[in-house]
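**Q** for reference, the sequence and a predicted model appear below.
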Amino acid sequence: MKNRKNTETEYLGYWLRPFLIEYLIVTRNLSRNTQMSYRDTFRMLVSYVSTLISIAIDNLKISDITTDVITKFLDYLEIERKVSVSSRNNRLAAIKAFAKFLAWKSPEHIDWCHHVSLIPSKKTEKRMITYMDKSEIEALADAPLKTCKYQGIRSRDHVIILFMYNTGARVSEVIGVKVKDVAMPPKRGMPMVTLHGKGRKERICPLWEDFWDLLKPFIDNKLPNDYLFLNRYNQPMSRFCIYEMIKKYSQDVILNHPSLANKRPSPHVIRHTTATHLLNSGADIDMVRNWMGHSSIDTTNIYAEISMERKLEALKKCEQSVSDTPSRKWSEDKELITFLDSL
């Protein structure tokens with residue numbers, strides 16, 4: 001007869017708790033957003049499996065989560081919940097991460113983990129990354145000053161868009177900036193900001209000198225641990241708020257910049273814009289990688305591939321000059337003819 005410990009380890013819940021609470025946070029040091037994504041994956045998975053096989057969630061065993069069940073779950077997400085193929089693959093990645101953890105902690109489940117690791121991801125269409133021209137991003141940054149009637153919100157939104165363009169920060173990094181993260185020179189000069197990125201990695205970005213004036217109203221009379229950008233209720237801004245803000249101002253400038261309609265401006269498109277403009281300005285690709293907080297240089301190389309200015313520059317370097325004056329025929333070279341006759 002199996003003892004209580006061996007019986008407990010058969011249940012999914014026994015392993016999910018340390019996976020979500022310890023492994024993802026302490027061992028993997030994953031970002032808060034990734035942790036929440038993994039948590040949501042298993043929240044949906046256990047509900048789906050419980051309904052599918054008519055077993056209470058607390059009584060689900062590892063053996064109940066077969067590869068066939070996982071595949072049905074992924075199909076359910078894509079077909080019934082209408083998630084994208086990319087989102088489907090992200091859910092599968094979360095399940096595979098759990099299988100890897102389980103193989104490490106519970107060798108008796110290695111066979112199950114191996115079968116889960118063999119579930120293939122779906123191939124996704126490679127979409128071209130979009131970025132804005134300088135005139136477009138400038139128009140977007142000026143939109144709050146022209147269209148928003150509330151002084152405080154007008155200034156805040158203008159500064160946030162400029163801040164995103166200057167730093168190339170992710171939304172989570174923007175809303176996470178605190179007063180203590182901004183280093184302001186005593187006299188007017190170039191401020192610096194510490195951004196807290198994915199996996200709790202930090203990087204320091206310089207800001208344009210104009211930010212010395214722009215940020216002072218957001219810093220004065222605040223404590224070091226106060227958030228830099230607040231909503232109208234003096235609470236930290238949410239990701240949704242930033243996305244809606246960019247969407248609103250994009251609609252305001254599309255009339256004069258119709259090309260923006262196809263680029264669908266968003267916080268991440270602004271990030272693409274920063275990286276592409278840095279490369280176009282001649283910045284070294286490794287410097288751009290550090291600026292953007294990329295863990296792999298391969299991610300930064302994507303921006304080099306889409307930069308039209310860099311492509312035109314490369315084309316000019318290999319362009320052959322065509323002279324209007326035809327070159328002299330070999331038969332007119334008397335010295336050559338004399339040499340050939342002497343052979």
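**A** Cool, the structure landed.
**Q** so what's Asn301 up against?
**A** Ile285 (Cβ atoms under 8 Å, 6 or more residues apart in numbering). The C-beta positions use only the backbone N, C-alpha and C, and glycine is treated the same way.
**Q** if we go to 10 Å?
**A** Leu279, Ile285, Val288, Arg289, His294 (Cβ atoms under 10 Å, 6 or more residues apart in numbering).
**Q** any idea which element the third one lies in?
**A** In this structure, Val288 is located in helix 285-292 according to DSSP states H and E.
**Q** list the buried residues of that helix.
**A** Val288, Arg289, Trp291, Met292 (16 or more other Cβ atoms under 10 Å).
**Q** ok, now stretch 122-138?
**A** Thr130, Tyr131, Met132, Glu136, Ile137, Glu138.
**Q** what does stretch 244-254 give?
**A** In stretch 244-254, counting by 16+ other Cβ under 10 Å, buried: Met245, Ile246, Tyr249, Ser250, Asp252, Val253, Ile254.
**Q** and that stretch, C-alpha only, in CSV?
**A** The C-alpha coordinates for stretch 244-254 follow below in CSV (Å, rounded to 0.1, in the frame of the first residue of the first chain):
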residue,chain,number,x,y,z
GLU,A,244,-5.9,53.1,-24.8
MET,A,245,-4.1,56.4,-24.6
ILE,A,246,-1.9,55.6,-27.6
LYS,A,247,-4.9,54.3,-29.5
LYS,A,248,-6.9,57.5,-28.9
TYR,A,249,-4.1,59.9,-29.9
SER,A,250,-3.3,57.7,-33.0
GLN,A,251,-6.9,58.3,-34.2
ASP,A,252,-6.4,62.0,-33.7
VAL,A,253,-3.3,62.2,-36.0
ILE,A,254,-4.3,59.7,-38.7
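**Q** looks like Met237 contacts Arg156 (just checking).
**A** Yes. The criterion here is Cβ atoms under 10 Å, and Met237 meets it with Arg156 at 8.8 Å.
**Q** shared neighbours of these two, anything?
**A** In contact with both Met237 and Arg156: Leu228, Phe229, Leu230, Asn231, Met245, using Cβ under 10 Å, 6+ apart.
**Q** how many neighbours does the fourth one have?
**A** Number of residues near Asn231 (other Cβ atoms under 10 Å) recorded here: 14.
**Q** which stretches of the stretch 51-200 of the chain have low pLDDT?
**A** Within the stretch 51-200 of the chain, the stretches with pLDDT under 70 are 126.
**Q** 80 - rerun?
**A** Where the stretch 51-200 of the chain drops to pLDDT under 80, the residues are 125-128, 198-200.
**Q** where exactly do the strands run in it?
**A** 182-183, 192-196 (DSSP state E, counting those that start in this stretch).
**Q** for those, give me a markdown table that also has distance to Pro267 and mean neighbour count.
**A** Shown next, in a markdown table, are those (distance: least, Cβ to Cβ, whole Å; neighbours: other Cβ atoms under 10 Å):
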| stretch | distance to Pro267 | mean neighbour count |
| --- | --- | --- |
| strand 182-183 | 19 | 16 |
| strand 192-196 | 14 | 18 |
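**Q** which among these is found nearest to Asn59?
**A** In this view, those are compared for proximity to Asn59 by Cβ to Cβ, and strand 192-196 is the closest at 40.2 Å.
**Q** name every strand pairing with that closest one and say which way it goes.
**A** strand 182-183 (antiparallel), strand 202-206 (antiparallel) (DSSP bridges).
**Q** looking at these, which is closest to Tyr38?
**A** strand 202-206 (22.7 Å).
**Q** for that closest one, which positions count as buried?
**A** Arg203, Cys205.
**Q** I'd like the next helix or strand past that strand.
**A** Per DSSP H and E, the helix or strand that comes after strand 202-206 is helix 211-219.
**Q** which neighbouring elements make contact with the helix or strand following that following helix?
**A** Using DSSP H and E, the helix or strand that follows helix 211-219 towards the C-terminus is helix 239-253. Under the contact definition 3 or more Cβ pairs under 10 Å, 6 or more residues apart in numbering; DSSP states H and E, helix 239-253 sits against helix 134-147, helix 151-167, helix 171-175, helix 260-263, helix 267-280.
**Q** swap the cut-off to 7 Å and go again
**A** With contacts defined as 3 or more Cβ pairs under 7 Å, 6 or more residues apart in numbering; DSSP states H and E, helix 239-253 has these neighbours: helix 134-147, helix 171-175, helix 267-280.
**Q** ok and it relative to helix 267-280, angle-wise?
**A** 70 degrees (axes from the mean of the first three to the mean of the last three Cα atoms, to 10 degrees).
**Q** contacts for helix 239-253 next, please.
**A** Contacting residues not belonging to helix 239-253 are listed as 139-140, 143-144, 147, 157, 171-172, 174-175, 231, 260, 265-267 [Cβ atoms under 7 Å, 6 or more residues apart in numbering].
**Q** kind regards, and thank you for your time.
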